[in-house]
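Fold the following and give me the result.
(4 chains)
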4 protein chains.
Amino acid sequence: MKHSGNHVDNLNIAYIGGGSRGWAWGLMSDLAAEESLCGTVKLYDIDFNAALDNEKIGNRLSERTDAKSRWRYKAVENISDALNGADFVVISIMPGTFDEMESDVHAPEEYGIYQSVGDTTGPGGLVRALRTIPMYAEIAENIKRYCPEAWVISYTNPMTLCVRTLYEVFPKIKAFGCCHEVFGTQKLLAQAVSEILGIEEPHRREISVNVLGINHFTWIDRAFYNDIDIFPIYAKFAEKYYETGFAEKSNENWMNKYFSSSQRVKFDLFKRYGIIAAAGDRHLAEFCPGKWYLKDPQTVHEWGFELTPVKWRKEDLKNRLERSRRLSSGEENFVIKETGEEGVAQIKALLGLGDLFTNVNIPNAGQIKNIPLGAVVETNALFSRGKVIPAVAGELPWDVHNLVIRHVYNQETVLKAALFKDKDLAFRAFANDPLVSASLDDSKKLLDKMLSATKKYLPGWEM
Amino acid sequence: MKHSGNHVDNLNIAYIGGGSRGWAWGLMSDLAAEESLCGTVKLYDIDFNAALDNEKIGNRLSERTDAKSRWRYKAVENISDALNGADFVVISIMPGTFDEMESDVHAPEEYGIYQSVGDTTGPGGLVRALRTIPMYAEIAENIKRYCPEAWVISYTNPMTLCVRTLYEVFPKIKAFGCCHEVFGTQKLLAQAVSEILGIEEPHRREISVNVLGINHFTWIDRAFYNDIDIFPIYAKFAEKYYETGFAEKSNENWMNKYFSSSQRVKFDLFKRYGIIAAAGDRHLAEFCPGKWYLKDPQTVHEWGFELTPVKWRKEDLKNRLERSRRLSSGEENFVIKETGEEGVAQIKALLGLGDLFTNVNIPNAGQIKNIPLGAVVETNALFSRGKVIPAVAGELPWDVHNLVIRHVYNQETVLKAALFKDKDLAFRAFANDPLVSASLDDSKKLLDKMLSATKKYLPGWEM
Amino acid sequence: MKHSGNHVDNLNIAYIGGGSRGWAWGLMSDLAAEESLCGTVKLYDIDFNAALDNEKIGNRLSERTDAKSRWRYKAVENISDALNGADFVVISIMPGTFDEMESDVHAPEEYGIYQSVGDTTGPGGLVRALRTIPMYAEIAENIKRYCPEAWVISYTNPMTLCVRTLYEVFPKIKAFGCCHEVFGTQKLLAQAVSEILGIEEPHRREISVNVLGINHFTWIDRAFYNDIDIFPIYAKFAEKYYETGFAEKSNENWMNKYFSSSQRVKFDLFKRYGIIAAAGDRHLAEFCPGKWYLKDPQTVHEWGFELTPVKWRKEDLKNRLERSRRLSSGEENFVIKETGEEGVAQIKALLGLGDLFTNVNIPNAGQIKNIPLGAVVETNALFSRGKVIPAVAGELPWDVHNLVIRHVYNQETVLKAALFKDKDLAFRAFANDPLVSASLDDSKKLLDKMLSATKKYLPGWEM
Amino acid sequence: MKHSGNHVDNLNIAYIGGGSRGWAWGLMSDLAAEESLCGTVKLYDIDFNAALDNEKIGNRLSERTDAKSRWRYKAVENISDALNGADFVVISIMPGTFDEMESDVHAPEEYGIYQSVGDTTGPGGLVRALRTIPMYAEIAENIKRYCPEAWVISYTNPMTLCVRTLYEVFPKIKAFGCCHEVFGTQKLLAQAVSEILGIEEPHRREISVNVLGINHFTWIDRAFYNDIDIFPIYAKFAEKYYETGFAEKSNENWMNKYFSSSQRVKFDLFKRYGIIAAAGDRHLAEFCPGKWYLKDPQTVHEWGFELTPVKWRKEDLKNRLERSRRLSSGEENFVIKETGEEGVAQIKALLGLGDLFTNVNIPNAGQIKNIPLGAVVETNALFSRGKVIPAVAGELPWDVHNLVIRHVYNQETVLKAALFKDKDLAFRAFANDPLVSASLDDSKKLLDKMLSATKKYLPGWEM
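I've put the predicted structure just below:
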């Protein structure tokens, strides 16, 4: 790469999971909208054809006159080709297929265990982690070998365990996990500010927050709009919409009802604990005791959100495949616009093109006092040239800490289970997950069934 | 009190809850069997007549020729009369009556929540704690005023929170909590040693163990009989009896089926975690996620123990009242024998009549590395003249720690709820208890109902 | 105060020590050079006439056409007049006079103890702290009473203990200590970069550093110019100039030889410990064992710096008084230019006019892992609207930590000695200071003499 | 070995340094005075003839009719012969000869650095550690290979670093360090009790103390005789003898004036810090800043102790060699009596022949809160069958901690310097030692000279 004034050229980005039909397109769009960078994106995917499609889509986009910068997209067949010389590595992979995810999410329903997402925690998140960790371990080994100095941005769920695996395998890796769930909470706070104070809705970046927790179960204990303390405002807002929920106006384009939420979970957690949970309700619910918000579909509905069926994801995938075809053939064109994700802004900050203070998932080095050092936590950090400097975030209140810490410990068990291919360890974590409300016998049966459904991705396990 | 050689005379013991028809009689028997001490026991009870009965029973016992020492028992009407001049204070109180306990234990059953004991944790233990903590706070204030230098031995459940309250209110108190559950586990290990090695059963005192955890949910991570490591022995034993359970031979006299257990819970925890849970199964089960061992009466039965109905306790109380009448009238006589409790041995050690190394419940000052300082933990300690010196016990394995720590945090919430009379805090702890498997709405209703049933003992609460 | 776009009007600044003829003039200059702010500065000083002089000087400056903003300066007779309504409080006081400082610095010389500055640590810093802490305690009380929400910027030495006192007396205070010593080190690193790489000298702001330690004894364990690691560069530079020292080119105008240094102390510490000490050699030397760099004037000279005699300060004061007269009468005019201090930049950042990432002295909340929580440390922090967010700085290497931690502990003793007016505690700290190389008897005599020389400022002490 | 009732036969003890003419004879005497043990002692020494002499001495002693038990002593030529089958390993070696020690102790005097012992800390202790650590590392390797389950009792100075090395090299070793300095302090407290209360002097075992610190610089923060708090008694005693010192009555037989002390150092530390230093003044003085008690021989004398010249040790050695000749030839006979050392009592306790609660040097696992885990600390512990259970000792007061912790950190540096044969690291520790009051240049020269004098024992070092 080459710095020249406020511009960096010849940047090399390796995209692992480069056949992605979601995050990859978002990155293409964000890169095309950014005038201060240009370079090459190497697309590596176990589905090489998908990478080839994205190569076409990316290059077509890059050639458009409304693209603010030129990027060369190149599908590569080996991960080493992607990583060699990379300045940045982006990882967004699908661990397995929606068939495995169907088991992750729906197999537990037989035992009365419901999951709204099933990719982060709970039985589904756990089994997904068992699949994903060996993949991430291999990626970490490759980064160590081919580009140990590169910055690594990880988007895959389960976020915490993916980042944790990277550091476990290659402790000197310069990696972090990115997630937009806190942004959504900032937007909600902006709406609360607007509604309660009767002013125009601020941009979510104007809502400054102190973030502390673990990904998808992180919390905000201080929030300001300019000098205005948002807590009393949010208290009124949460009270006002506690029963009815607060319907989001936007987000109706590509998402659907399965992704919407009326924030009642967040309001309830706020009422009970006095601090703001900073993720979507669908994620938050899965970290809480199963009986609270996910007891059964009726309870879920009453709390104003829905369970996302994997059937819908499969349907949606068909649409995306079709769209991929249209985009690669030129039948359809992207509208170039910023996605709201911060990956490109983070890259710029790390290149020295402007500091960025935002939330990020990295190992705890003192950010959160009452979480063990080394566990991956989500807090704010300052992105600046060549470094990510974590902010001291303080500590979670005792009771909220009690909800969070059990996942921190459980995640460590899942990590070990995956690395050692140890079913007993996996069961320890499984039986101790707050969503797993079956008897021990049933839990064993369920785990067996789920592992069996995903066994193709568990090489070396004794089952 | 007065030391003379290996004898201490004129000892003053204050017994709070001195009308007790269980622990008090045990203490009388143990004192009568001990030749190196004599003195006065002042019996204070809110039921003064019960104390008067015990005065008679105690003095009658003391006059017997087979009593090895002379004690004067004296019922007193005010707690100050008991505490003034006391060298030792024994506390064993019943917080409320069996009517309140009936609600503690059985009200949750409506919502599918079953409890085997209901006096330590779970919804019943929590509500019992709310009743007990203000009583203990008052006792602590009185000790501070009347006998700040006295040693305080506490037997009441919930043990951890009772001891915690004493230190919260009077940080310089010299108090500790005693419990025989670890002794029972030592006996089980002795039986395992005997059976697996084909040798005579050692005395439980010959089974040396490292103890770490919280009362009724404490653990043993090292156990030796002489130089023999008991862990591989116990592993065989647990395997052998995993399915059938191991039936205790003894304990059939006054206890009954409601108190028996076949150790299957202990065996299961050992199989899964590799360390030995050191309390009765009935207690252990209540600290675990509700679905594990207490899902429903059928599950409980399969795990080889039973739910103790409070109806039985009421019936048993009638028998004890009748026995009290017989004992105080002289119709019946005690057989003087050591009960197996260690209260008197601890008193002797604290008086300098021989060191004692045993388990005890006191605030964490470094005994357990991964439990917050100040939380009351159960570990070994050396009792020696004028001091209780806690042993460094190490740390719980990560996964077991994850089961224990949530209770440590929850107990702090219960403490605050009781001291501040704060229903919201009580609900935080309640909803987060691993046994409470109702929806949030139902949990609220249940807590309301339970508090209402015990409201006589919650003065000052807004309900 | 009033925000309007990128401008804040009607700002209220209270200047405690507002008669200052150094820092105050610097602030006036920096304010006059800043176009985005305007408002009032209230000058409070125990020497009211000095404040009046500065009122004239400030207002005269503000009326000039080259002043970019208008400020009204107002001397006030009571501290409450200054603090009432203040948005910011600046504190830069002289604790006592140069007569007391003369004793601080020179009395120890009788016992072979030499000090290059004598205002931070060592016997002089300690006695100065005993004078200063009660003054700061009183200021903290007044801030709590009159403007608890104001931001407080402290410049007085001993910096660490001044800030520590503010938080001890008023834990919710929003205070921080500012010091330019790290800036000087950044400049040195910029010169090293320039010389070793043969490029133009970067601005010190382009040298990014990770700062960790305590004021005047803080350290840099990572330093970058763009993506270039400065450590190997500095290693060459330090080697090159190890024997001769590196003569600064600048700083010859108002400072003099007593303030110059040839960086040999810094180079020696780097050679021995491998990390960069980040303060002037005159300060660093005083924190080290006395024999290292301050054994005697000859040793000092060999290490390339000088002892600053208080006689010189007295002489210099005369010049400044004379200059004050000229400035207030209009005989002389300031050249308005930025001083290089960051106070105004920090004010702007806290008002939301642009983030600032810089070093600052605040209580440890996790910034440095191996320094006790609550001790005042110097690390980087992000200044942003309404908040100072400390960065996680990591931990000092074991051996450097060993040099630093003794001062951290000693400072706590000094704090207590001052607050409790306890000479025994003062002597504990005194005898344990690495500069105090007298026998215990002589040390006692010396401390007595020094306390006596400063007794006017130690009301309530028994001596 | 073989247990039979209260007797253990066929015990195998390996004595490393078995040619010792001090500790070895003491052990022989203590073993001969103990009736419950018998077995074999294998004597290994790099001076095989010395071991042979001791073989004769030991066997001659064992055959005497007044010996209460029979032991077979056997000199062996290889360490493996000693360790194979050992139940206990005793290590008491002389690292180098008195020639090296002469340099350790006296070379620094040229630079005005005086040492009263020179075997634990200070320049002499440091260089001795550099010689000893590789020897201990080798012993640890051999123990790991030949008798990993054996208990290891270490007597060599520097005690802390010897034990630390054993654990560094073989973390599972069952080793501890023994020292009688605390016993001496208990005796002093017994004398204080006797004198101040006008009662007969209790046995030092009746003085119960809480011990916390590092070997030769450990402290007592609670001390009781029966129920009597010794602190106010000791305060009076220290005040009474502060000026004159307190002359010990005993210890006049084989020791001489070089070992006597009048406790003034201990009294001074007590006056200043309020807790009791628990080692001989000669040792304590060496851990304090050099100017306090060891400024020069005159100061030492005024503080009531003396510097022990190595010349005297050489003379004494001649006497001991001569005595060895007499003992091995039968010209002289031991008087069998207990030495007051606890090695045999510890062995008995570890064999299950009676618990022992005493002070010991082992890695910190929570005994002392404010010393890093893993550092070797001296506190009480319970010796019981098969285990040494450390007591929770609490924490040192802040100011005393400040004196101790610098040595803890410095010792870690010395350990690394020795293991890595790194002179720069050695100098870091050297220059930071509180006794080293030379300039940096002189310090370097001194260290060079001292290393050179000991270079025979520093194989592999670049010098």
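
Mind listing the strands the lowest-mean-pLDDT helix or strand in chain A pairs with, and their directions?
Least confident helix or strand of chain A, by mean pLDDT, DSSP states H and E, is strand A:2-4 with a mean of 91. Paired strands of strand A:2-4, with direction, are strand A:7-16 (antiparallel) (DSSP bridges).

Could you pull out the buried residues of the partner strand?
Burial within strand A:7-16, assessed by neighbour count using 16 or more other C-beta atoms under 10 Å in any protein chain shown, is assigned to A:8, A:11-16. All C-beta atoms are positioned from the backbone trio N, CA, C, and that covers glycine.

Residues contacting the helix or strand just after it, please?
Once the chain leaves strand A:7-16, the next helix or strand it forms, by DSSP states H and E, is helix A:23-32. Contacts of helix A:23-32 with the rest of the structure, by C-beta atoms under 8 Å, 6 or more residues apart in numbering or on different chains, involve A:15, A:17-18, A:37, A:41, A:43, A:54, A:57-58, A:61-62, A:64, A:66-69, A:71, A:73, A:90, A:92, A:155, A:327, A:334, A:336-339, A:341, A:343-344.

Among those, which ones are in helices?
Using DSSP state H to define helices, the subset of the contacts of helix A:23-32 located there is A:54, A:57-58, A:61-62, A:327, A:343-344.

Throw those into CSV and include distance to chain C and pLDDT, thanks.
Below are the ones in helices among the contacts of helix A:23-32 laid out as CSV (distance: C-beta to the nearest C-beta, whole Å; pLDDT from 0 to 100):
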residue, distance to chain C, pLDDT
A:Asn54, 30, 97
A:Ile57, 32, 96
A:Gly58, 27, 96
A:Leu61, 29, 93
A:Ser62, 26, 92
A:Leu327, 36, 93
A:Gly343, 20, 93
A:Val344, 19, 95
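
Would you tell me which one of those residues comes nearest to B:Glu109?
When the ones in helices among the contacts of helix A:23-32 are ranked by distance to B:Glu109 (C-beta to C-beta), A:Gly343 comes first, at 52.9 Å.

Quick check: that closest one vs A:Asn359, distance?
Counting by C-beta to C-beta, to the nearest Å, the gap from A:Gly343 to A:Asn359 is 13 Å.

again, but for A:Glu206
Note on A:Glu206: its distance to A:Asn359, by C-beta to C-beta, is 15 Å.

what about the nearest residue to A:Ile362 once chain neighbours are set aside, which SS state?
Leaving aside its chain neighbours, A:Ile362 sits nearest to A:Phe176 (4.9 Å; criterion: C-beta to C-beta, 6 or more residues apart in numbering or on different chains). Following DSSP: H, G, I helix; E, B strand; the rest coil, A:Phe176 is assigned to strand.

just checking, A:Phe176 touches A:Asn361?
Yes: A:Phe176 lies in contact with A:Asn361 (C-beta atoms under 8 Å); the separation is 6.1 Å.

Check the secondary structure at the residue most central in space within chain A for me.
Residue closest to the mean C-alpha point of chain A, counted by C-alpha atoms, centre = their mean, is A:Cys179 at 4.2 Å. Here A:Cys179 is coil, with the state taken from three-state DSSP.

Who are the contact partners of it?
Counting by C-beta under 8 Å, 6+ apart, A:Cys179 touches A:155, A:159, A:215-216, A:359, A:361, A:378.

mind redoing it with 7 Å?
Contacts for A:Cys179 were tallied using C-beta atoms under 7 Å, 6 or more residues apart in numbering or on different chains; they are A:159, A:215, A:361.

Ramachandran angles for the closest residue to chain D within the stretch 151-300 of chain A?
Going by C-beta to the nearest C-beta, chain D is nearest to A:Pro171 of the stretch 151-300 of chain A, at 20.5 Å. Backbone torsions of A:Pro171, given as degrees, to the nearest 10, read phi -60, psi -20.

for A:Leu166, same thing?
According to degrees, to the nearest 10, A:Leu166 has phi -60, psi -50.

go on, A:Phe217?
Here A:Phe217 shows phi and psi, under degrees, to the nearest 10, equal to phi -140, psi 50.

Tell me, how many residues neighbour the closest residue to it other than its chain neighbours?
In space, and not counting its chain neighbours, A:Phe217 is closest to A:Phe287: 4.1 Å by C-beta to C-beta, 6+ apart. By the criterion of other C-beta atoms under 10 Å in any protein chain shown, A:Phe287 has 25 neighbours.

If we ignore the residues flanking it in sequence, what's nearest the residue of chain A found nearest chain D?
Taking C-beta to the nearest C-beta, chain D has its nearest neighbour within chain A at A:Leu373, 13.4 Å off. Taking C-beta to C-beta, 6+ apart as the measure, A:Leu373 lies nearest to A:Asn364, with 5.4 Å between them; neighbours along the chain are not counted.

Would you check how far apart the one you found and chain B are?
15 Å (C-beta to the nearest C-beta, to the nearest Å).

buried sites along the helix or strand containing A:Ile139?
Element membership of A:Ile139 [criterion: DSSP H and E] is helix A:122-146. Residues of helix A:122-146 classed as buried by neighbour count (16+ other C-beta under 10 Å): A:122-137, A:139-140, A:142-144, A:146.

just stretch A:345-363 next, same as before
For stretch A:345-363, the neighbour count (16+ other C-beta under 10 Å) marks A:345-353, A:355-363 as buried.

for stretch A:101-118, same thing?
Neighbour-count burial for stretch A:101-118, counted by 16+ other C-beta under 10 Å, picks out A:101-108, A:111, A:113-118.

Helix, strand or coil: sort out A:Met463 for me.
Put simply, A:Met463 is coil when judged by three-state DSSP.

So for it, what pLDDT did the model give?
Looking at A:Met463, its pLDDT is 77.

Any stretches of chain A with poor pLDDT?
In the predicted model, chain A carries pLDDT under 70 at residues A:248-257.

Apply 90 and report the result again.
Within chain A, the segments meeting pLDDT under 90 span A:1, A:4-6, A:22-23, A:247-261, A:333-341, A:462-463.

Can you give me the domain assignment for it?
A:2-97+A:121-179, A:98-120+A:180-308+A:341-463 (automatic domain parsing).

Save these as a markdown table, and put in distance to D:Asp422 too.
Converted to a markdown table, those look like this (distance: least, C-beta to C-beta, whole Å):
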| stretch | distance to D:Asp422 |
| --- | --- |
| domain A:2-97+A:121-179 | 24 |
| domain A:98-120+A:180-308+A:341-463 | 28 |
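
Nearest to D:Ser80 among those would be which one?
The nearest among the domains of chain A, by C-beta to C-beta, is domain A:98-120+A:180-308+A:341-463 at 36.7 Å.

quick one: the residue nearest to A:Phe217 and A:Val408 touch, right?
No: using C-beta atoms under 7 Å, A:Phe287 is not in contact with A:Val408; the gap is 11.0 Å.
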